[in-house]
Structures are given as structure tokens and as C-alpha cells.
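S.K.: Prediction below, plus the sequence it came from.
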Amino acid sequence: MKTVTFKNFSFWQRIIINTITLLAMAGLFRNGLYISSIWTAILAAFILGILNALVKPVLHLLALPFTILTFGLFGLVINGLVLWLSAWVIGDGFKFASFGWAVFIAIIMSLVNLIISNYFNKDNQQA
């Protein structure tokens, strides 16, 4: 049986990946996500990284009963909540049309991070 592990990127590599992903999502979904500039996207990715490190583990622990009841799907709502919280911290330069858009963008960002981590993991295994 083969064990699959994913590449752990550094904090700054994640900031770059999340910045590019946020800018792409703002361009694709203009009705749901607004980012005023590239500097706001960099700030949003930085704050998102800090909130993911500090707030998200506490939220996962508090929401553990809901996560168990929904077979882990409530984790997607927590991701959206952390993204929504980062938009609240930044203010008018970074905002979502609704909480549903925040959850939707969080799902896409999770998939993008999974695909990128998997891609770079394959490169390391072949070398």
C-alpha cells in the first residue's frame, strides 16, 4: 500500500499561491469577490495565513460536533468563515457579496492548493 504525502510549502510560498488564487477568483467571479488592488490581495493572503495558523484550529475544535455530524463538510464552512473574517479585518478593499460566496471561494482555494501541492509532490517523487 502506497502512502501519499503532500508537499508542505513555506509560509511565504503559500502567501504567493493564495495571492494569485485570490486575484484569479476576483477576475472570474466579479459579482462575488472584490479586491481593489494587487497589494490588497497580498495583504489578504497574509492575513488569511495568520488567521489559518491562529484562529482556524480553535474554530475546528469548537465546531468538532458539527464536523462529525456532517462527516467533515462543516470544515468547508469554517474555511469560508476564516476567509470572511479576513475580509472583515481588511475592510473595503477586499469583500464578498455574501457568506455563500466566501464559502464557494474557500472551496475553490482549497482545491487549488490541493492540486498545486499534489503537482509538486509528484515532481519530488520522480526526482
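M.R.: Thanks, I have the structure now.
S.K.: other SSEs contacting the worst-scoring helix or strand of the chain on mean pLDDT?
M.R.: Least confident helix or strand, the chain: helix 99-126 with a mean of 85, by mean pLDDT, DSSP states H and E. Judged by 3 or more C-beta pairs under 8 Å, 6 or more residues apart in numbering; DSSP states H and E, the packing partners of helix 99-126 are helix 11-28, helix 74-90. In this view, the C-beta of every residue, glycine as well, is placed from N, C-alpha and C.
S.K.: Show me which residues of it are buried.
M.R.: By neighbour count on 16 or more other C-beta atoms under 10 Å, the buried set for helix 99-126 is Trp101, Ala102, Val103, Phe104, Ile105, Ala106, Met109, Val112, Asn113, Ile116, Ser117.
S.K.: Please apply the same query to stretch 86-94.
M.R.: Buried residues in stretch 86-94 (16+ other C-beta under 10 Å): Ser86, Ala87, Ile90, Phe94.
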